[in-house]
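J.: Quick check, what structure comes out for this input:
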Amino acid sequence: MKSTFTVSRRALLSTTAALACLPALLLSTTVRAQAAAGTLPSWNDGPAKQAILDFVRAATDTTGPDHVPAEDRIATFDQDGTLWVEHPLYPQAMFALDRLRTMAAQHPPWETQEPFTSVLSGDAELGSLSEKDWTEIIGVTHAGMSDDAFLEIVKQWLETARHPRFNRPYTELVYQPMLELMEHLRANGFRTYIATGGGQEFVRAYAQRIYGIPPEQVIGSSIVTKYEAEGGVPALMRMPKVFFIDDGDGKAIGINLFIGRRPRAAFGNSDGDREMLEWTDAGGRARLKMLVYHDDADREYAYGPAGGLEGTKVGGFSDSLMSEAKTRGWTVISMKKDWKRVFAFE
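T.: As a prediction, this is how the structure comes out:
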């Protein structure tokens, strides 16, 4: 927040004298306000930023009615569209398609087998691929190897892959305001978790490096793994079968399964995050529920269909979700109005 003003020496001295007469409590409030001015620098002043500051202040005030004990300071974040770019296609989907092309030479039958044929030929409209199509693509590109091998493949892909619009690594397309938000929460004793509909191991490959979130605090969709020990070397082998889908009501289930505590703060951006916010909200007392609304086509993307924006199959924010947010008092973050910058490189 930039402030430009001038003040005369006489005014400065008179203000200092007046401050000397103020009660200590009022001075303390002034100091806290000045400290908050340097917090969340990529956020514009407004209801969204204030909601964060007010929540953290209440949660950490040991004398207040909304104080949150240290063990209950849990914050959960969706990833795609909440922490980094999800358009024109989820990064993990881009990874799967790239890997499919890399593997094609070793799988000649794919030349005549759908959906592989259309994808490899470039004829497929990626947005029109069915859930069954994606299940088959994920099955062949994410299974048949150990977890360790998969993590290494993901890390190598992230080193070279570039976003089609921004021509930057996906790991640079993280929302700077959300990084600041996570850092602010952690500085005040909160543990930050990712609760994503994306692949759990995929996100674990980079979460520590780009979000500061360790792998054990990543909850995501997963496939079946099988313990094997060949030549005395144990490994967890990835099978082409879905184990758990961490989306929709699965997010609330996954959070309870892996954390065992209801979040005090939850952040999402789409209908797939609705149940996570509802479950957080149902805990009562002071809780922060926020949704990122993509309404900035110049700096990122604009899609809804809430608010009359173009509809999408990737991270859709429906009119019903917007209505529920207003009814329940959830905070909707306008990317266009609430963020001074979207990415660190701006």
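J.: Strands of the stretch 151-300 of the chain, start to end?
T.: Listed in chain order, the strands found in the stretch 151-300 of the chain under DSSP state E, counting those that start in this stretch are 191-199, 218-230, 233-244, 265-268, 288-293.
J.: Redo the ones you listed as TSV? Include mean neighbour count.
T.: For glycine as for every other residue, the C-beta is placed from the backbone atoms N, C-alpha and C. Compiled in TSV, the strands of the stretch 151-300 of the chain are given as follows (neighbours: other C-beta atoms under 10 Å):
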stretch	mean neighbour count
strand 191-199	24
strand 218-230	16
strand 233-244	14
strand 265-268	28
strand 288-293	25
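J.: Now render those strands as a markdown table, adding mean pLDDT and distance to residue 120.
T.: Formatted as a markdown table, those follow (pLDDT from 0 to 100; distance: least, C-beta to C-beta, whole Å):
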| stretch | mean pLDDT | distance to residue 120 |
| --- | --- | --- |
| strand 191-199 | 97 | 22 |
| strand 218-230 | 95 | 23 |
| strand 233-244 | 94 | 19 |
| strand 265-268 | 98 | 34 |
| strand 288-293 | 98 | 34 |
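J.: Compare those strands and give me the one nearest residue 137.
T.: Of all the strands of the stretch 151-300 of the chain, strand 233-244 sits nearest to residue 137, with 10.8 Å by C-beta to C-beta.
J.: pull the CA atoms of that closest one into PDB?
T.: Only the C-alpha atoms of strand 233-244 are listed here, as PDB (Å, rounded to 0.1, in the frame of the first residue of the first chain):
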ATOM      1  CA  VAL A 233      14.300 -53.700  -2.800                       C
ATOM      2  CA  PRO A 234      10.800 -52.500  -1.600                       C
ATOM      3  CA  ALA A 235       8.700 -50.200  -3.700                       C
ATOM      4  CA  LEU A 236       5.200 -48.800  -3.900                       C
ATOM      5  CA  MET A 237       4.000 -49.600  -7.400                       C
ATOM      6  CA  ARG A 238       1.300 -47.500  -9.100                       C
ATOM      7  CA  MET A 239      -1.700 -49.400 -10.400                       C
ATOM      8  CA  PRO A 240      -4.100 -48.200 -13.200                       C
ATOM      9  CA  LYS A 241      -7.000 -48.000 -10.800                       C
ATOM     10  CA  VAL A 242      -8.600 -45.100  -9.000                       C
ATOM     11  CA  PHE A 243      -8.300 -45.300  -5.200                       C
ATOM     12  CA  PHE A 244      -9.700 -41.900  -4.100                       C
END
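J.: and the angle for that strand with strand 218-230?
T.: 140 degrees (axes from the mean of the first three to the mean of the last three C-alpha atoms, to 10 degrees).
J.: Present the strands of the stretch 151-300 of the chain as CSV; the columns should include distance to residue 132.
T.: Formatted as CSV, the strands of the stretch 151-300 of the chain follow (distance: least, C-beta to C-beta, whole Å):
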stretch, distance to residue 132
strand 191-199, 17
strand 218-230, 16
strand 233-244, 12
strand 265-268, 26
strand 288-293, 29
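J.: between the ones you listed, which one is nearest to residue 177?
T.: strand 288-293 (9.1 Å).
J.: Which strands or helices does the closest one pack on?
T.: helix 47-60, strand 265-268, helix 274-281, helix 319-328, strand 331-334 (3 or more C-beta pairs under 8 Å, 6 or more residues apart in numbering; DSSP states H and E).
J.: Residue 95: which of those is closest?
T.: With C-beta to C-beta as the criterion, residue 95 lies closest to strand 265-268 of these, at 22.0 Å.
J.: that older thread, go through the strands of the stretch 151-300 of the chain and name the closest to residue 110.
T.: Residue 110 lies closest, by C-beta to C-beta, to one member of these: strand 233-244, at 14.7 Å.
J.: buried set for stretch 140-150?
T.: Under the neighbour-count criterion of 16 or more other C-beta atoms under 10 Å, stretch 140-150 has 140-143, 146, 150 buried.
J.: Give me the contacts around it.
T.: Stretch 140-150 is contacted by residues 95-96, 99-100, 103, 107, 116, 153, 199, 201-202, 223, 225, 235-241 when judged by C-beta atoms under 8 Å, 6 or more residues apart in numbering.
J.: Can you get me the start-to-end distance on that stretch?
T.: For stretch 140-150, the first-to-last residue distance is 12 Å (C-alpha to C-alpha, to the nearest Å).
J.: Can you show me the helices along this structure?
T.: 9-20, 24-37, 47-60, 91-103, 116-121, 131-142, 147-160, 176-187, 200-204, 207-211, 249-258, 274-281, 319-328, 335-338 (DSSP state H).
J.: highest average neighbour count across those?
T.: Scoring the helices of the chain by mean neighbour count under mean count of other C-beta atoms under 10 Å gives helix 200-204 as the most buried, with a mean of 23.
J.: any idea of the mean pLDDT for it?
T.: If you average the pLDDT over helix 200-204, you get 97.
J.: Residue 257 versus residue 151, what's the distance?
T.: Plainly put, residue 151 is 22 Å away from residue 257 if you go by C-beta to C-beta, to the nearest Å.
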